[in-house]
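Chemist: Below: sequence and its predicted model.
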Amino acid sequence: MLQSIRGMRDILPGDARRWRIVEDTLRRILESAAYEELQLPLLESTELFTRGVGEGTDIVEKEMYSLTDRDGDGITLRPEGTAGCVRALVQHGLLFNQTQRVYYTGPMFRYERPQKGRYRQFYQVGAEAFGLAGPDVDVELMLLGRRFWQALGVEHLVRLELNTLGTPATRAAFRAALVAYLEPLRERLDEDSRRRLDRNPLRILDSKDPGTRAVLARAPQLPDFLDADSRRHFANLTGMLDELGIAYTVNPALVRGLDYYTQTVFEWVTDALGAQGAVCAGGRYDGLVERLGGKPTPAAGFAVGLDRLVLLHEAVHGALDGAAADVYVCVLEPGHQGYALRLAEKLRAGLPGFRIRVHAGGGKLKNQLKRADQCGARHALLVGDAEVADDAPVLKDLRADLPQRALAVDGIIAALRAGVPD
RNA sequence: GUGGACGUAGCUCAGUCGGUAGAGCUCCGGGUUGUGAUCCCGGCGGUCGUGGGUUCGAGCCCCAUCGUCCACCCCA
C-alpha cells in the first residue's frame, strides 16, 4: 500500500480542529503584542543554513533535506525558521535603522528518526524581535510564552529554564577552558562526549552519562567567564522576571544546539511528553544578522513546537467535540434535491457560523437520519412532498425530545438562532 | 546512525502444543408506508507487512527485508 513517507504525517479532520485551536490561540496572542506576521519560503539556499545555523551543528551535518536544483544550485528544505526570517528582513531592507517584531508559522524539515513529539516534517510558530538589545525584550518573549500556556490551559505542565551564554568571546574562552580541563580526562568520558570534545564541546555539559557527569562536577563553570555587561544583562532579566511573577530555574547546562545564540537562552520544558521535553525554545542571537550580511543588529526570538503543544493540549483536554455539522438536511424524494440545496443556501446566508450539510446520494430517511446523527448535527430538516408543497420543511431536534415542527425558512432561522446558545 | 518492542479484517485485538483464521466495533441489508442513537436477525470484509527457509503441513519456528512505535543521539 502507498503510504506517507517516514516522519511525515497526516493531520486528519479530528485532529485538525485541535491544531486550529492551538495555532489560532498563539496567533491571537502574538497579534495582541503587535507582532506582525511574515510568510516565508520553505526552500532556501543551502548556504543560508550552513552559515546561519553553523557548520558544526547536527542540523547542518546530518539532518537537512538538501537537494540540487535543476540549475545546479544547492537548496534546502528549511530545518528552522530564524535564518530565513533574518534573510528576508535583511534582503528587503527592513532592519535598516529600524526595529521589527515579527512572527511566522509553518512546517520545518529535519531528517531524524521519528519518535513521540518528533517528526521529520514538524510545525513551529516563531517570533523574533530585531534591533532591541536589552533584557526587556527577552522578558517580553517569555511573557508571550506564559500567555500561550495559560490560554491553552497547559501552564501547570510547563516550566521555564534559562541560562546565559555571554558574548561570543565568553563562549570562546569558556570553550577553551573546558577543552583544556576535559582533554586529559578524555578516557573517562562516554563515547558521544569524546566525539563532541573535538566538535562541539559545550554540548558535553548536556550529557546524561553518569561517568561524564562525575567528570563535569569539577569542570570550569561558564558563569565564571561572563563579562560585566553580560552579568548585568542577565541580572536585569531575572529581576524583571521576579517582578512579573514568572517562575524560572537557571540551568547552567542549557547550551542549545545552534551556533548563533548569545547571552540569554531559554526553554519551556515539560515532563508530560516522554523524552521530547522542549515545547518552546529560544534566546538572543546578536551576531546572526551580521553573519547573514546585514548590519550588526541585536535580536532575540523563540520557536514553539506546535506538534508538541498539540500533544500537551490533548493530554490536558482530552478528546474534542467531534461534530462536523450543526444542521443536516434530509431529502426524502430525489426530485426535491434542488429545493433542499436552495434551502441550505438560505440558511447559510441567514445563520453565519452554522455548518449546514445537505444529504447527497439519496437513500431512505432512516439512513439519512443516521447520517445526521453521526455527523453530530443538533438539528435535522426534512424535505418531502408535503414540506415542499407547503414550503415549510420539518425541523427536528436530534439531541432533545421536543416535538418536531414544520416552519417557513424565516421560522427555521429564528428557531435555530434562538436554540443554540454558543 | 544505534538499541528495544511490535506488524493478523477499515479500527481495537484474540489465535493454545505447528494442523490452511476468530471476536467486538464500523459498514451494508432486514425487523411493511416518512423518523436517527438502543435492541434483534443477516451479510460484506484477510496474499496473517513482504520475500526466502525448515516441515507432510507455518499466523505460530529460523533468516532477511520493509514499516510503525518508544528510547539513545540531537532537537521544537
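Modeler: Received it, and whenever you're ready, just let me know what you need. Residues are numbered from 1 along each chain as shown, chains lettered A, B, ... in the order given.

Chemist: Could you check how far residue A:88 is from RNA strand B?
Modeler: Separation of residue A:88 from RNA strand B (C-beta to the nearest atom of the strand, to the nearest Å) stands at 19 Å. Yep, even glycine has a C-beta here, placed from its N, CA and C like the rest.

Chemist: and that residue, what does it touch?
Modeler: Residue A:88 is in contact with A:38, A:40, A:94, counting by C-beta atoms under 8 Å, 6 or more residues apart in numbering.

Chemist: Out of the residues you listed, which is nearest to RNA strand B?
Modeler: Lowest distance from RNA strand B to the contacts of residue A:88 (C-beta to the nearest atom of the strand) belongs to residue A:40, with 15.9 Å.

Chemist: Tell me the residues of the stretch 301-422 of chain A that contact RNA strand B?
Modeler: A:303-305, A:307-308, A:332, A:363-367, A:369-370, A:372-374, A:382, A:384-387, A:394, A:396, A:398-399, A:401, A:404 (C-beta under 7 Å from any atom of the strand).

Chemist: Narrow those residues to those in helices?
Modeler: A:307-308, A:365-367, A:369-370, A:372-374, A:385-387 (DSSP state H).

Chemist: Give me the ChimeraX select line for those, limited to the buried ones.
Modeler: Entered in ChimeraX, the line below selects the buried ones among these, by 16 or more other C-beta atoms under 10 Å:
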select /A:307,308,369,372,387
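
Chemist: Number of residues surrounding the residue in the stretch 101-250 of chain A that RNA strand B sits nearest to?
Modeler: Here the residue of the stretch 101-250 of chain A nearest RNA strand B is residue A:116; by C-beta to the nearest atom of the strand that distance is 2.8 Å. Using other C-beta atoms under 10 Å, residue A:116 has 12 neighbouring residues.

Chemist: burial of the nearest residue to it once chain neighbours are set aside, as a residue count?
Modeler: In this structure, residue A:116 finds its nearest non-sequential neighbour in residue A:274, 4.7 Å apart by C-beta to C-beta, 6 or more residues apart in numbering. Using other C-beta under 10 Å, residue A:274 has 12 other residues around it.

Chemist: which SSE is residue A:40 in?
Modeler: Using DSSP states H and E, residue A:40 maps to neither a helix nor a strand.

Chemist: pretty sure it is touching residue A:80, no?
Modeler: No: when contacts are counted by C-beta atoms under 8 Å, residue A:40 is not listed as touching residue A:80 (11.2 Å).

Chemist: the domain parsing of chain A - what is it?
Modeler: A:13-167+A:227-317, A:327-418 (automatic domain parsing).

Chemist: Give the rounded mean pLDDT of stretch A:123-141.
Modeler: Regarding stretch A:123-141, the rounded mean pLDDT is 97.

Chemist: export it as CSV, just CAs?
Modeler: Presented in CSV, the C-alpha positions along stretch A:123-141 are these (Å, rounded to 0.1, in the frame of the first residue of the first chain):
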residue,chain,number,x,y,z
TYR,A,123,5.5,22.7,12.8
GLN,A,124,6.7,25.8,14.5
VAL,A,125,5.4,29.2,15.4
GLY,A,126,8.4,31.5,15.6
ALA,A,127,8.6,35.0,17.0
GLU,A,128,11.6,37.3,16.5
ALA,A,129,12.4,40.8,17.7
PHE,A,130,15.2,42.8,16.0
GLY,A,131,17.1,45.9,16.9
LEU,A,132,16.5,45.7,20.6
ALA,A,133,19.5,44.9,22.8
GLY,A,134,18.0,45.0,26.3
PRO,A,135,16.8,42.2,28.5
ASP,A,136,13.3,43.8,28.4
VAL,A,137,12.8,42.1,25.0
ASP,A,138,14.0,38.8,26.4
VAL,A,139,11.4,39.1,29.1
GLU,A,140,8.7,40.1,26.6
LEU,A,141,9.3,36.9,24.7
